[in-house]
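**Student:** quick check, what structure comes out for this input:
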Amino acid sequence: MPRAGQGAIGWGLNHLKPGGTLRAIGSIGLSLTALPLCLAFAGPAWAQPTGTVAVAPPAGAEPQIDFAADQVIYDSQPDMVTALGQVRMSRDGNYLAADKVSWDRKSGKVVAEGNVMVVNPEGDKLIGDRVDLTDSLKDGTIDNLLIVLESGGRIAAVRGTRNGNQTDLTNAVYSPCPVTTPAGCPKNPSWKITAARVVHDKTTGRVRFAGGRLNILGLTLPLLPIFSVGDGSQKGGTTGALIPGIRLDSNNGLELSLPYYWRVDRNRDLTVTPHIYTNSAPAIEAQWRHLTSIGAYQLGGFVTYGDIEDPDFNDLTANSNKGVRGYFEGNGRFQLDPLWTVTSAFRVATDRTVTRRYDITRDDRLRSFANAERISLDSYVSIAGWAFQGLRTDDVQKRIPIALPAVDAHFRLADPLLGGKIELQANSLAILRRDGQDTQRAFASAQWNLRRVTHWGQEVLLTAYGRADAYHTDDSASTSVVSYRGEDGWQFRGIGALAADARWPLIGALWGGTQRLTPRVQLVLTPPTPNLKIPNEDARSVDLEDSNLFALNRFPGYDRWEDGSRVTYGVEWAVDRPNLSIQTVIGQSYRLTRRENIFPDGTGLTDRLSDVVGRTRVRFGSFIDFTHRFRLDKDNLAIRRSEVDLTVGTDRTYAQIGYLRLNRDISTAIEDLRDKEELRLAGRWQFHRFWAVYGSTVLDLTDAAEDPLSRADGFDPVRHRLGVTYEDDCLELGVAWKRDYERLGQFRKGSTFSVNFALKGIGR
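**Tutor:** Okay, the predicted model is just below:
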């Protein structure tokens, strides 16, 4: 194998001594297996002072070893070849570099000395002082070696023997961490394992230790007599035990989790995690993952046995009984063809408190669905089904709706009409309840949009919209909120709207940057619409804000339509300069008709003149990000909505403040629009290169004046988080405390202490 920059394969012949010793100096690229054959015909060929020799090995001969060296000595009597100076040898993907290599042709033994490096086809490097190998360059013994794994890990040992895909090491040290700084200076790794015997099996991707000790940041810890870790070469991990987890919980006591990973196949694996508690019965957790030819899915579950807290909705007391408790989940996505995709997920719990008690999830509702989608450039079709499980104290499961089926289709016509684009939509939904109102609906709509830019730079959007609805309702009287019910039987509705939206961007210089001032006006004309005969299932939580100020329909769903013509006006202002960006928008709407509207009191849209809404965002480089959203009462400019999000700092050290106040005087009869006041604080301080402390808190500032149904007294903590962590290239270590003040019946979450420990750089 010639070195880079050298010419044709050949021998530079200097002299051939009578004793049978061949000395060659220069570039050598002839296979060693062909060397005796060349010497057998050394008459006319070796007499040439210069030139090349290219002799192929005879049929059935052993595979050739390609090599290059500064000097080669061949002794014909013992059939020994010695290569000196920058020796490079390769065979079947195995590569050897050394200062000196001796090859015994009779025994097939290869001895390499001085700056020895052996590289296998997988990319692992073996570095040592002396190496005894077979002529396959694959098996042998190495003294004072260093193995550099393809995944980045390193193993140093006094002596090692490699046989096939297995390397047996004596008095070894293993670490996946860098042992040098970016400047090339040596450093101690964050963690390492020392053992009397280490076996690296390339086939399984495991590094097995006997008599090992773990050293973390200079602290030595004893380990199991025999254990193994993955070397990181196997995608998806290798079978074996994972790092245990430790937590202390006020409900369950001390928790120890012992995960075990089983790699069933290249595309399937199973993780089983027993959980042991001092104050609760043991639990078992499992997760199955499977990658198929058209997609992937995973299934998981958590099962235990213990007290079941079942809150009574009247007095919030708990009726406790023992039984099997569990949580089960799964999800998957499959690409059936370039257009059709099937996505599904399910989440279900045996009772309301199991997910909170065992820290599985903080969600108060679990969602399950299946959805088939067809997506192309000009169309979208979705056929789905949805189900929910309520985990809140006021949830009555048999009254929670099931959506099956939910069909939604959008089509965009390729040919424009009168210069505008046409979009068609068809929608069908069936809402079912075991106890309560059932609703079925179907509608079809068409929307025409024409966008133009005038010679003066105004952007004008003209819209025409039409829709036909059909609804059928049963048992509407079981719905407690009158405005949500509708009327039993069949109901039909026609919807139409014409809209014109104009913007006029004005651009100029300001503060060394560019400013944009954009006035905006929208006119919407729509006839009266019979809304209250239609049940309201998906348009309940309505609130005027900057995101829906210029929407054609400011209700969030389809069951309610904002009728009555109106004018909406506002202005946007933005400044952009290096490291500074300011964006602000403010607007209001005015209803042209005097008809009574269907918006509840407190939404900002009840009267003809709406409240004033706006948003301001200020960014200073990547150090400061400030956003404020607000809604002001049109009559007295009282703050009805104030939402602040502020982040100051870098990605390592930062402080975050979030504040929300909804003071809309919403009626308590409207269950989806509750007033509240909340403060969120969070921060992280990187006080050392690898050390950081972090924390967060959420405070409920709501009182009875804002929400008569709230149990908060104006300053109630919701949850706290506090922790300290160490993280570098290959080690993550942290201790955290969290406390949740939520109450479900007589169940309280309380405090939890956890230890996070992760050794990076090793596979499962």
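**Student:** only C-alpha atoms for contact and neighbour calcs from this point on.
**Tutor:** Noted.
**Student:** and the helices in the stretch 251-400 of the chain?
**Tutor:** Secondary structure of the stretch 251-400 of the chain by DSSP state H, counting those that start in this stretch: the helices cover 354-357.
**Student:** burial count for the nearest residue to P556 once chain neighbours are set aside?
**Tutor:** Closest residue to P556 apart from its sequence neighbours, by CA to CA, 6 or more residues apart in numbering: A539 at 5.1 Å. Neighbour count for A539, taken as other CA atoms under 10 Å: 17.
**Student:** so A539 makes contact with E562?
**Tutor:** No. Using CA atoms under 8 Å, A539 is not in contact with E562, being 10.9 Å away.
**Student:** between these two, what contacts are shared?
**Tutor:** Any residue near both A539 and E562 by CA atoms under 8 Å, 6 or more residues apart in numbering counts here, and that gives F555.
**Student:** quick one, what contacts D469?
**Tutor:** Going by CA under 8 Å, 6+ apart, D469 touches 441-444, 492-494.
**Student:** okay, those in a markdown table with secondary structure next?
**Tutor:** Listed next are the contacts of D469 as a markdown table, based on DSSP: H, G, I helix; E, B strand; the rest coil:
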| residue | secondary structure |
| --- | --- |
| R441 | strand |
| A442 | strand |
| F443 | strand |
| A444 | strand |
| F492 | strand |
| R493 | strand |
| G494 | strand |
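**Student:** and those residues, which of them are buried?
**Tutor:** Buried by 16 or more other CA atoms under 10 Å: 441-444, out of the contacts of D469.
**Student:** export the contacts of D469 to JSON lines and tack on distance to V116?
**Tutor:** Listed next are the contacts of D469 as JSON lines, based on distance: CA to CA, whole Å:
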{"residue": "R441", "distance to V116": "77"}
{"residue": "A442", "distance to V116": "77"}
{"residue": "F443", "distance to V116": "77"}
{"residue": "A444", "distance to V116": "76"}
{"residue": "F492", "distance to V116": "86"}
{"residue": "R493", "distance to V116": "85"}
{"residue": "G494", "distance to V116": "85"}
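**Student:** which of those residues lies closest to D435?
**Tutor:** Taking CA to CA as the measure, R441 is the one of the contacts of D469 closest to D435, at 19.1 Å.
**Student:** quick check: bridge partners of the closest one?
**Tutor:** On the basis of DSSP bridges, R441 is bridged to L429, Y471.
**Student:** which parts of the stretch 1-150 of the chain are strands?
**Tutor:** Secondary structure of the stretch 1-150 of the chain by DSSP state E, counting those that start in this stretch: the strands cover 13-16, 21-25, 66-68, 71-75, 80-91, 94-104, 109-119, 125-134, 140-148.
**Student:** sheet partners, orientation included, of the fourth one?
**Tutor:** This means strand 71-75. By DSSP bridges, strand 71-75 pairs with strand 21-25 (antiparallel), strand 80-91 (antiparallel).
**Student:** buried sites along that strand?
**Tutor:** 71-74.
**Student:** dump these into TSV; add pLDDT and distance to P274 as well.
**Tutor:** What follows is these, written out as TSV (pLDDT from 0 to 100; distance: CA to CA, whole Å):
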residue	pLDDT	distance to P274
Q71	85	63
V72	84	62
I73	84	64
Y74	81	64
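**Student:** hmm, back to that, just put the contacts of D469 in JSON lines and tack on distance to D700 and pLDDT.
**Tutor:** JSON lines is the format used below for the contacts of D469 (distance: CA to CA, whole Å; pLDDT from 0 to 100):
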{"residue": "R441", "distance to D700": "39", "pLDDT": "96"}
{"residue": "A442", "distance to D700": "41", "pLDDT": "97"}
{"residue": "F443", "distance to D700": "42", "pLDDT": "97"}
{"residue": "A444", "distance to D700": "44", "pLDDT": "97"}
{"residue": "F492", "distance to D700": "44", "pLDDT": "95"}
{"residue": "R493", "distance to D700": "43", "pLDDT": "95"}
{"residue": "G494", "distance to D700": "44", "pLDDT": "95"}
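**Student:** which two of those residues have the greatest separation?
**Tutor:** Largest separation among those by CA to CA: R441 and G494, giving 13.3 Å.
**Student:** mind pulling up the pLDDT for the closest residue to E487 other than its chain neighbours?
**Tutor:** Nearest residue to E487 in three dimensions, chain neighbours excluded: K533, at 5.2 Å (CA to CA, 6+ apart). pLDDT for K533: 90.
**Student:** look up how far M80 lies from K533.
**Tutor:** 101 Å (CA to CA, to the nearest Å).
**Student:** so what's the nearest residue to F334 once chain neighbours are set aside up against?
**Tutor:** In space, and not counting its chain neighbours, F334 is closest to G295: 4.2 Å by CA to CA, 6+ apart. By CA under 8 Å, 6+ apart, the residues touching G295 are 332-335.
**Student:** now distance to R661, pLDDT and neighbour count too, for those, in TSV please.
**Tutor:** Listed next are the contacts of G295 as TSV, based on distance: CA to CA, whole Å; pLDDT from 0 to 100; neighbours: other CA atoms under 10 Å:
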residue	distance to R661	pLDDT	neighbour count
G332	39	97	18
R333	39	97	18
F334	43	97	18
Q335	44	96	16
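**Student:** of those residues, which is the nearest to G614?
**Tutor:** R333 (39.5 Å).
**Student:** wait, doesn't that closest one sit right on F369?
**Tutor:** No. Using CA under 8 Å, R333 makes no contact with F369, being 11.9 Å away.
**Student:** can the strands of the stretch 1-150 of the chain go into a markdown table with extra columns for distance to F747?
**Tutor:** Formatted as a markdown table, the strands of the stretch 1-150 of the chain follow (distance: least, CA to CA, whole Å):
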| stretch | distance to F747 |
| --- | --- |
| strand 13-16 | 91 |
| strand 21-25 | 85 |
| strand 66-68 | 74 |
| strand 71-75 | 82 |
| strand 80-91 | 69 |
| strand 94-104 | 64 |
| strand 109-119 | 60 |
| strand 125-134 | 57 |
| strand 140-148 | 53 |
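**Student:** out of those strands, which comes closest to L759?
**Tutor:** Closest to L759 of the strands of the stretch 1-150 of the chain is strand 140-148 (CA to CA; 18.0 Å).
**Student:** which residues sit against the closest one?
**Tutor:** 124-134, 154-163.
**Student:** got it, and stretch 79-86?
**Tutor:** For stretch 79-86, contacts defined as CA under 8 Å, 6+ apart pick out 68-75, 97-106.
**Student:** which stretches in the stretch 401-550 of the chain count as helices?
**Tutor:** Counting by DSSP H, counting those that start in this stretch, the stretch 401-550 of the chain has helices at residues 482-485.
**Student:** ranges for the strands of it?
**Tutor:** 402-412, 421-432, 438-453, 459-474, 489-503, 506-510, 513-525.
**Student:** put the alpha carbons of the shortest one into CSV.
**Tutor:** What follows is the C-alpha trace of strand 506-510 in CSV, where atoms were taken according to Å, rounded to 0.1, in the frame of the first residue of the first chain:
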residue,chain,number,x,y,z
LEU,A,506,-44.7,52.7,5.6
ILE,A,507,-40.9,52.1,5.9
GLY,A,508,-38.2,54.5,7.0
ALA,A,509,-35.0,54.9,9.0
LEU,A,510,-34.9,55.1,12.8
